[in-house]
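Q: Predicted model, plus sequence, below.
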Amino acid sequence: MKNKYFLNSLFYALIASIGGFLFGYHTAAISGALIFITKDFNLSTFGQEFLVSLILLGALFGSWFGGIISDKIGRKKTFFLSIIILFIGTFLFTTTKSHFLLFSSRAIIGFSIGAFSTVVPIYIAEVSDPKYRGRLVSINQLFLVLGILFSNIFAYFFTKTQNWEAIFITGLIFALLMFILLFFIPESPSFLANKNRSEEAINILKKVREDIKNSEVLKKIENKNFSSEKPKKISLFAKSVRSAFFVGIGINIFRQITGINIVTYYAPKIFQIAGLGVPHIAMLATALVTSINIIASIVGIWLIDKVGRRPLLIWGMFSMGVFLFLLSLSFYFKPSFLPILVMISLMGFTSSFAIGIGQVSWLINAEIYPMSIRGKAAGVATFVNWISNYVVALSFLTLFGSFGTFQTFFMFGIICIIALIFSIKKVPETKGKSFLEIQEFFQK
């Protein structure tokens, strides 16, 4: 009987995680298409950087808006809205001949995936038992990487025919699939409890948890039923939220500035610099790196509720730094087998990311905020995540050109060491704890 609760949560998590797949797919799709878009639209180096980074600029506002609106209209309706926006943006991006529409539609796509990046982890966390919450929320990261892999695979085939538009249009198949499957999942019980829809909230909670006594949903309902006082509104700037924000925002910044999206956006260029000059061969090498990332993500899902969040985060940051230093030194000495060293370095770096901060950052951000402002708070932290992402994407080619490969990758290795110190000193363990227990920690 116990398995039925986990299976219900798993079913809901798999459908919601298609949003993570779309996030990964549309973020990475530009890497295979950029060579041909640059040719078709005669883009400068800055124009290429700006086009790549515009999805992140859109995601900045999408993540913030997604968090706010998910607290107002619900997690599920926010998913529907995000998919509709994604269809509009992709249609414009693949049909336009105008520079203005090319750039603006890329931002519209970003707005959609920004909303997914905030709301998917929250929704999964709220329909999960604390015992399984880590591995269920981590499915989102696995699907994100699967989205990147599928994007790499389609890019490998479509770049042979220079049909870059097909890479983006193919991604809409998965958006349509999610749109249909959303009709088969419920709204989050936490959102329903916040809107005083107590009976619906409890009915859904009973489908995903065997014991609902120590749940924030039941506490919210009991306080409403037995207290004559109006519940106090929790501010985003309350003391307990500020301390949670420090952890959530910090981990989201380090997720980006340690360099993972260098691989997501520019891996084909890195391989070309290392000596793999043919575009579809560089894409094949990129797909191999992404495949290792998927295996590592599966390992992370298996470990996160066994080992805990902190050990994976700490080990992952240390290992990421080691592989970035290896990558840096490889470009410094430039041996005859440089492409092999680059492949090993990128595989090690991305797999360390997938097991560590890649899993933990989304999960922590979905766990640490009070129920009544979870969407807003997670939206702000994810907003900061996308700002960091934007800065890295916009500046990477310039860093490459100004400082060279050795110095650029060495700098990212140093940032990993700083992130390691932050992880050891500031990030708490949330493994197996209820939302209430986690909030009590930050209120101390």
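A: Sure, I can see it. Numbering: from 1, shown residues only.
Q: for the residue nearest the centre of the chain, helix, strand, or coil?
A: Nearest residue to the geometric centre of the chain (C-alpha atoms, centre = their mean): Ser117, 5.3 Å. What DSSP: H, G, I helix; E, B strand; the rest coil gives for Ser117 is helix.
Q: Assess the claim that it and Asn385 are in contact.
A: Yes - using C-beta atoms under 8 Å, Ser117 and Asn385 qualify as a contacting pair, with a distance of 7.4 Å. C-betas here are computed from N, CA, C, even on glycine.
Q: what sits in contact with each of these two?
A: Residues touching both Ser117 and Asn385 (C-beta atoms under 8 Å, 6 or more residues apart in numbering) are Ser63.
Q: now for the longest helix along the chain, which elements pack on it?
A: Looking across the chain with DSSP state H, the single longest helix is helix 374-403. Where contact means 3 or more C-beta pairs under 8 Å, 6 or more residues apart in numbering; DSSP states H and E, helix 374-403 is packed against helix 45-72, helix 99-126, helix 239-257, helix 260-273, helix 357-367, helix 405-426.
Q: I'd like to know how far the residue nearest to the centre of the chain sits from Phe337.
A: Taking C-beta to C-beta, to the nearest Å as the measure, Ser117 and Phe337 are separated by 37 Å.
Q: buried sites along the lowest-mean-pLDDT helix or strand in the chain?
A: Least confident helix or strand, the chain: helix 216-226 with a mean of 71, by mean pLDDT, DSSP states H and E. Across helix 216-226, burial judged by 16 or more other C-beta atoms under 10 Å covers Glu216, Val217, Leu218, Lys219, Lys220, Ile221.
Q: Let me see the contact set for the fourth one.
A: Lys219 makes contact with Leu436, according to C-beta under 8 Å, 6+ apart.
Q: That one and Gln439, how far apart?
A: 11 Å.
Q: hmm, back to that, so which of the buried residues of helix 216-226 comes closest to Val208?
A: Nearest to Val208 among these is Val217, at 10.6 Å by C-beta to C-beta.
Q: Touching, that closest one and Ala201? I think so.
A: Yes - if you go by C-beta under 8 Å, Val217 and Ala201 touch, sitting 5.2 Å apart.
Q: Quickly list what's touching both of the two.
A: With C-beta under 8 Å, 6+ apart, Val217 and Ala201 have common neighbours Pro189, Ser190, Leu192, Ala193.
Q: and the first one, how many neighbours does it have?
A: Using other C-beta atoms under 10 Å as the criterion, Pro189 is surrounded by 29 other residues.
Q: likewise the third one?
A: Residues within reach of Leu192, counting by other C-beta under 10 Å, total 24.
Q: show me the contacts for it.
A: Residues near Leu192 by C-beta under 8 Å, 6+ apart: Ser198, Glu200, Ala201, Ile204, Val217.
Q: Could you report the neighbour count for the fourth one?
A: It stands for Ile204. 25.
Q: Quick check: which helices or strands does whichever strand or helix holds it pack against?
A: Assigned by DSSP states H and E, Ile204 belongs to helix 198-208. Packing contacts for helix 198-208, counted by 3+ C-beta pairs under 8 Å, 6+ apart, involve helix 2-16, helix 189-194, helix 216-226.
Q: Can I get those helices in JSON lines including distance to Val208?
A: Conversion of the helices and strands packed on helix 198-208 to JSON lines gives the following (distance: least, C-beta to C-beta, whole Å):
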{"stretch": "helix 2-16", "distance to Val208": "5"}
{"stretch": "helix 189-194", "distance to Val208": "8"}
{"stretch": "helix 216-226", "distance to Val208": "11"}
